[in-house]
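[1] A structural model of the following input is requested.
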Amino acid sequence: QESDRLKSEFLTNMSHEIRTPMNSILGFTELLKDIDLSHEKQQAFLEIIEKSVARMLHIISDIVEFSSIESGQMKVYLSETNVNQEIENIYAFFIPEAEYKGIRLFTRKTLPTSQASIQTDRDKFYAIMSNLMNNAIKFTQSGSIEIGYVKTDDYWEFYVKDTGIGVTETQKEFIFNRFRQGSESENKKYEGAGLGLSISKAYVEALGGRIWVESHPESKYYKGSAFYFTLPSMAGNENQPRGRRLSELR
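    Just a heads-up that it's a prediction; the model follows:
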């Protein structure tokens, strides 16, 4: 019964998440037909349409990827990945949005670029970091976000720390589960499909690591959340054939 309830809420949420940007696209496309529309309004409407398309594309991509994970069809492709370069790519992608919200964005790279390579799935690593950054920016209204890593002999530990609303102890119990969102208790104040963290968890575990969150929203000393995930230094990756299904890696 609980599973059915969650699936029902998930489908309702999907309907809302897809209809909202679709209505914007249709509505502002219709407004663009006005031949007397000023150039400034045209550009403003086009920007809204562009953002709506990007939002819907992100939702659809999450749904497709989630389906492949659920069916055991997800594949892992290992290659040499430079984490410094990937973090710089993440920074460059998210800095405009962070600056728009007035959030300071920092990176912490503890190794020189020449020593910062790991055997992992580059696309999945980028997706994990992007999902964590998306959440950090979404749930942070002011302050800062830091992305970085530390390395030991056995593993790399990556993190995204923010000064946002934080994660309660109750939310920590289900925040990585499918069909669940940390913002459920906030009457759907924040947009999103609620799949980012569950997809990230599946990716991290497929790559041989683990993911968790530390947060003390009630503390007067530290506000926000810190999401961590690890990847093995050697990753046991040499023994994992490229292109294996997730169900075969378990």
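
[2] tell me the spacing between the spatially most central residue of the chain and Met22.
    When CA atoms, centre = their mean is applied to the chain, the residue found nearest the centroid is Asn131 (0.8 Å). Taking CB to CB, to the nearest Å as the measure, Asn131 falls 23 Å from Met22. Backbone N, C-alpha and C define where each C-beta goes, glycine included.

[3] still on that earlier bit, starting at the chain centroid, how far to the helix or strand encompassing the residue nearest to the centre of the chain?
    Here Asn131, judged by DSSP states H and E, is contained in helix 122-138. On the basis of CA atoms, centre = their mean, to the nearest Å, helix 122-138 sits 4 Å off its chain's mean C-alpha point.

[4] give the buried residues for the longest helix seen in the chain.
    Looking across the chain with DSSP state H, the single longest helix is helix 39-70. For helix 39-70, burial by neighbour count (16 or more other CB atoms under 10 Å) applies to Phe45, Ile48, Ile49, Ser52, Arg55, Met56, His58, Ile59, Asp62, Glu65, Phe66, Ile69.

[5] what sits against Phe213?
    No Phe there; residue 213 is Val. Shown in contact with Val213 (CB atoms under 8 Å, 6 or more residues apart in numbering): Val167, Lys172, Ile175, Ser225, Ala226, Phe227, Tyr228.

[6] coming back round to it: which non-adjacent residue is nearest the residue nearest to the centre of the chain?
    Leaving aside its chain neighbours, Asn131 sits nearest to Gly196 (3.9 Å; criterion: CB to CB, 6 or more residues apart in numbering).

[7] isn't Thr29 up against Ile49?
    Yes - counting by CB atoms under 8 Å, Ile49 is a contact partner of Thr29 at 6.5 Å.

[8] would you list every one of the helices in this structure?
    Under DSSP H, the chain gives helices at 2-31, 39-70, 83-101, 122-138, 169-172, 196-206, 246-249.

[9] so which of those helices gets nearest Val76?
    helix 196-206 (5.5 Å; CB to CB).

[10] for the residue in the chain sticking out farthest from the centre, give me the pLDDT.
    For the chain, the residue at maximal distance from the C-alpha centroid (CA atoms, centre = their mean) is Asp36, at 40.7 Å. Per-residue confidence (pLDDT) for Asp36: 84.

[11] any idea how far Gln42 is from it?
    Asp36 is 11 Å from Gln42, by CB to CB.

[12] please name the residues that touch the nearest residue to Asn89 once chain neighbours are set aside.
    Nearest residue to Asn89 in three dimensions, chain neighbours excluded: Tyr126, at 7.2 Å (CB to CB, 6+ apart). Tyr126 sits next to Glu86, Asn89, Ile90 when contact means CB under 8 Å, 6+ apart.

[13] residues near the second one, how many?
    Spelled out, that is Asn89. 14 (other CB atoms under 10 Å).

[14] the residue nearest to Glu214 when sequence neighbours are not counted: how many residues sit nearby?
    Of all residues beyond its chain neighbours, the one nearest Glu214 is Ala226 (4.7 Å), with distances taken as CB to CB, 6+ apart. Neighbours of Ala226 under the rule other CB under 10 Å: 18.

[15] Ala226: what's it in contact with?
    Tyr159, Val160, Lys161, Asp162, Val213, Glu214, Ser215.

[16] could you pull up phi and psi at Thr152?
    In terms of degrees, to the nearest 10, the main-chain angles of Thr152 are phi -120, psi -180.

[17] since that was my last question, I'll sign off now.
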